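Novice: how would this look folded up:
(one chain, ligands or ions: 1)
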Amino acid sequence: MATEEPMETEEPDIAPTAPPHPGPATDAPTHPAPATHPAPTVDPAADPISLRGATATLGGRPVLRGIDLTVRRGEVVALLGANGSGKSTAVRSIVGQVPLSGGELALFGTPRRRFRDWARIGYVPQRTTAASGVPATVREVVSAGRLARRRFGPPRKADRAAVQRALELVGMADRARDPVSALSGGQHQRVLIARALAGEPELLIMDEPMAGVDLASQEILAGTLREQVATGATVLLVLHELGPLEPLIDRAVVLRDGCVVHDGPPPKAVGQHALPGHDHVHPHAASDAEPIRTGLLT
Ligand SMILES: Nc1ncnc2c1ncn2[C@@H]1O[C@H](COP(=O)(O)OP(=O)(O)OP(=O)(O)O)[C@@H](O)[C@H]1O
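Specialist: Prediction:
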């Protein structure tokens, strides 16, 4: 396949909402170095994500085997597929956490190697724990999502307002002073999403945002996403089930074994037990938990 861009093996610049190494979600992010490069030419019509023939290998095993994934401006795209099909690896390659071994990636029309404008992207990684031991308050964690938009120095009024808005969007403004360790799993997830929203990203990438989230939080998150979409945000969601987000989804891309097997209208859920062999075990579920049947045509 054509590989215009050299293979992407360098340590990438990472946005605050895209920590370079998976870890406790409340890890203090690295403040990006001040930009020394000339401002890039912005093509307002460029696709936020353009992935072509992407391949990636993890632990000596090919995990992405030639993926094409385009997300156009203003679209809400769901990335679906069974456990281990490569969904997280695909989004982690987009945010620069997994190097591609081949193929091409462009973000907002800029080849990945030249892309520096990480403040345009908000990333909510797959949740690994409900709470970490980091003694941070809800507001501190959400404020971290603002760093890429700030210059050095104390937060400006606009920064504080963006953080407050993000807290309100996810219904956590009344918990702003609480330590994140005191939150439920669903509340914790809302804080992580607020952290991504605080940067006012044009492109929001969320890896299983509803995973392990209680119903009340799911509804709040769906409402938050609706508001983002209404303001023209572009969204890529890794999901194992469309669930309450279904009405928002424009297009679904389904992976199987590191390949795209569907790119088009979201597949219809066909019932709990209709598709044997298409189970999805939730990564945060107890090891003896029953698999969740996605009902998706994966
Ligand atoms: N760091 C790693 N080292 C080796 N193999 C890995 C690593 N991370 C993921 N894999 C493997 O790559 C494959 C794809 O994993 P990935 O997490 O992308 O799948 P997924 O579709 O997101 O699955 P899930 O729905 O379970 O989150 C799996 O077989 C997984 O075991």
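
Novice: which stretches in the stretch 151-298 of the chain count as helices?
Specialist: For the stretch 151-298 of the chain, the helices defined by DSSP state H, counting those that start in this stretch occupy 157-169, 185-198, 215-230.

Novice: same for the last one, what does it pack against?
Specialist: In other words, helix 215-230. helix 185-198, strand 234-238 (3 or more CB pairs under 8 Å, 6 or more residues apart in numbering; DSSP states H and E). Quick note: C-beta positions are derived from backbone N, CA and C, even for glycine.

Novice: select, out of the ones you listed, the one closest to the ligand.
Specialist: Closest to the ligand of the helices and strands packed on helix 215-230 is strand 234-238 (CB to the nearest ligand atom; 6.4 Å).

Novice: who touches Val91 in this structure?
Specialist: Shown in contact with Val91 (CB atoms under 8 Å, 6 or more residues apart in numbering): 79, 123, 205, 207, 236, 238.

Novice: ok, and which of those residues reach the ligand?
Specialist: Among those, no residue is within reach of the ligand (CB under 6 Å from any ligand atom).

Novice: now the two most distant members of these.
Specialist: Pairwise distances across the contacts of Val91 (CB to CB) peak at 13.4 Å, for the pair Leu79 and Tyr123.

Novice: same list, the contacts of Val91, but as CSV with neighbour count and pLDDT please.
Specialist: Below are the contacts of Val91 laid out as CSV (neighbours: other CB atoms under 10 Å; pLDDT from 0 to 100):
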residue, neighbour count, pLDDT
Leu79, 26, 96
Tyr123, 29, 92
Ile205, 28, 96
Asp207, 21, 94
Leu236, 24, 97
Val238, 23, 95
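
Novice: I'd like the helices of the stretch 151-298 of the chain laid out as CSV, including distance to the ligand.
Specialist: Formatted as CSV, these follow (distance: least, CB to the nearest ligand atom, whole Å):
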stretch, distance to the ligand
helix 157-169, 26
helix 185-198, 15
helix 215-230, 18
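
Novice: looking at those, which is nearest to Thr137?
Specialist: Short answer: helix 185-198, nearest of the helices of the stretch 151-298 of the chain by CB to CB, at 9.8 Å.

Novice: follow-up on the earlier one: just name the most buried of the helices of the stretch 151-298 of the chain.
Specialist: Across the helices of the stretch 151-298 of the chain, the average number of neighbours (mean count of other CB atoms under 10 Å) peaks for helix 185-198, which reaches a mean of 26.

Novice: which secondary structure elements does that one contact?
Specialist: Secondary-structure packing of helix 185-198 (3+ CB pairs under 8 Å, 6+ apart): strand 121-124, helix 138-144, helix 157-169, strand 203-207, helix 215-230.

Novice: quick one: distance of the longest one to the chain centre.
Specialist: Right, helix 215-230. 15 Å (CA atoms, centre = their mean, to the nearest Å).

Novice: that one vs helix 157-169, what angle?
Specialist: If you take axes from the mean of the first three to the mean of the last three CA atoms, to 10 degrees, helix 215-230 sits at 130 degrees to helix 157-169.

Novice: list the contacts of helix 215-230.
Specialist: Residues from elsewhere that reach helix 215-230 (CB under 8 Å, 6+ apart): 76, 169-171, 184, 186-187, 189-190, 193, 197, 204, 209-210, 213, 235, 243-245, 248.

Novice: how far off helix 185-198 does it point, in degrees?
Specialist: Using the same axes, to 10 degrees: helix 215-230 against helix 185-198 is 20 degrees.

Novice: can you check the third one too?
Specialist: Between the axes of helix 157-169 and helix 185-198, defined by the same axes, to 10 degrees, the angle is 150 degrees.
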